[in-house]
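Chemist: Take this sequence and fold it.
(4 chains)
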2 protein chains.
Amino acid sequence: MLRLSRKADYALISLGYLAEREGRVSSAREIASACQIPAALLMNILKSLHQHGVLSSIRGASGGYRIGIDLHTISLLELCKMVEQVDLGASERLALHGPAQALQYRLSRFMREVSVADLVLPGRRIDVPLERVGVGQKKQAVQV
Amino acid sequence: MLRLSRKADYALISLGYLAEREGRVSSAREIASACQIPAALLMNILKSLHQHGVLSSIRGASGGYRIGIDLHTISLLELCKMVEQVDLGASERLALHGPAQALQYRLSRFMREVSVADLVLPGRRIDVPLERVGVGQKKQAVQV
DNA sequence: TGATATGGGACTGGGGCGGTACTATATTCG
DNA sequence: CGAATATAGTACCGCCCCAGTCCCATATCA
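Modeler: Numbers count the residues shown, from 1 in each chain, chains lettered A, B, ... in the order given. As a prediction, the model looks like this:
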């Protein structure tokens, strides 16, 4: 319908976990089991975040990750691109007609204006009815 | 990354086409060829829109579709659900944790606040750089 | 009555993405 | 040292979803 990739979802959750552990290193395994995320998959996600400087890493035994930048400085859009292995800088002009174009603009603005910190850092917690679809979805993934 | 289904995209485009033809009936074939949309697929989309009362139809030779309601009254979210054959009323509470929940809320609000008319009806046309990903995409589909 | 349209299904093929695996390298600790 | 535990990098796979097709019934026009 309009959904975030599960990878981006996992990335957000992990960042939330790391954020509330304020500076301490956490291994991929630790995060995975704490947040109920498949370990092998999470490893790859964390690698991506590291490659883009969002996380700093410590290798070797008792190593792990911690947050490496101010989460206010990266947008949701950027985060998504990171975990989806997409060329970060490449935005082009593309001749869209009419409605698609207008929607494109609004969506893209939305994604650029929401920072990861907005979503991940503690603030007033929001609790609202969710639009949910289908019956048999296995896991929760952000979806509208 | 965060993309609208192509069906929803086609639906918007078609509605735009119908809107500017102000009341006259257009057949699925006509719309398909005018808007460069696969005819067989578009037929199904138009059927869905008709089932939900967005379009009114005239059957038989020289029949077709025209817009059946005020496009201001339906949200982008509703439109998406229609073309994706999803139970319209079913929104449930779902225990999402933290970041996913916050994002869910904002996305869902966005989708509910933008009306189809906002996207489809003539207004000041927007022209902005587009976030575009990958190299080899065949067609344009709204995507952020 | 034949051509052209919608109505309402079922069906399929391919690509994307969620998830895995393997190898190399770095660090800790006994 | 060398075993254990981490990340780094990258290739790989299988399944599900969805774009797209097809078919048959029904309605309308000429």
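
Chemist: contacting residues around the residue nearest to A:I74 when sequence neighbours are not counted?
Modeler: Nearest non-adjacent residue to A:I74, counting by Cβ to Cβ, 6 or more residues apart in numbering or on different chains: A:V116, 5.2 Å away. Backbone N, C-alpha and C define where each C-beta goes, glycine included. Taking Cβ atoms under 8 Å, 6 or more residues apart in numbering or on different chains as the contact definition, A:V116 lies against A:L12, A:L15, A:L71, A:H72, A:I74, A:S75, A:L76, A:L79.

Chemist: Per-residue pLDDT of the last one, please?
Modeler: In this model, A:L79 is scored at 96, pLDDT.

Chemist: Derive a PyMOL selection command for the buried subset of the contacts of A:V116.
Modeler: In PyMOL syntax, the buried subset of those is picked out as below (16 or more other Cβ atoms under 10 Å in any protein chain shown):
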select buried, chain A and resi 12+15+71+74+75+76+79
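
Chemist: ok, of the contacts of A:V116, which one's closest to B:I37?
Modeler: Sorting the contacts of A:V116 by distance to B:I37 puts A:L76 at the head of the list, at 30.4 Å, by Cβ to Cβ.

Chemist: show me what contacts that closest one?
Modeler: The neighbours of A:L76, taking Cβ under 8 Å, 6+ apart as the test, are A:A8, A:M111, A:R112, A:V114, A:S115, A:V116, A:L119, B:L103.

Chemist: How about A:Q36?
Modeler: Under the criterion of Cβ under 8 Å, 6+ apart, A:Q36 has no contact partners.

Chemist: for it, phi and psi?
Modeler: Its backbone dihedrals place A:Q36 at phi 60, psi 50, with angles given as degrees, to the nearest 10.

Chemist: now A:H52
Modeler: phi -100, psi 10.

Chemist: That one and A:M82 touch, don't they?
Modeler: Yes - counting by Cβ atoms under 8 Å, a contact exists between A:H52 and A:M82, whose distance comes to 4.7 Å.

Chemist: of the two, who's got more company?
Modeler: Regarding A:H52 and A:M82, a neighbour count based on other Cβ atoms under 10 Å in any protein chain shown identifies A:M82 as having more, with 22 against 17.

Chemist: Report pLDDT for that one.
Modeler: At A:M82, the pLDDT value in this model is 96.

Chemist: do the same with A:Q137
Modeler: pLDDT, read off for A:Q137, is 31.

Chemist: Up against DNA strand D, what does chain A have?
Modeler: For chain A, the residues in contact with DNA strand D (Cβ under 7 Å from any atom of the strand) are A:1, A:27-29, A:43-44, A:46-47, A:50-51, A:57-65, A:137.
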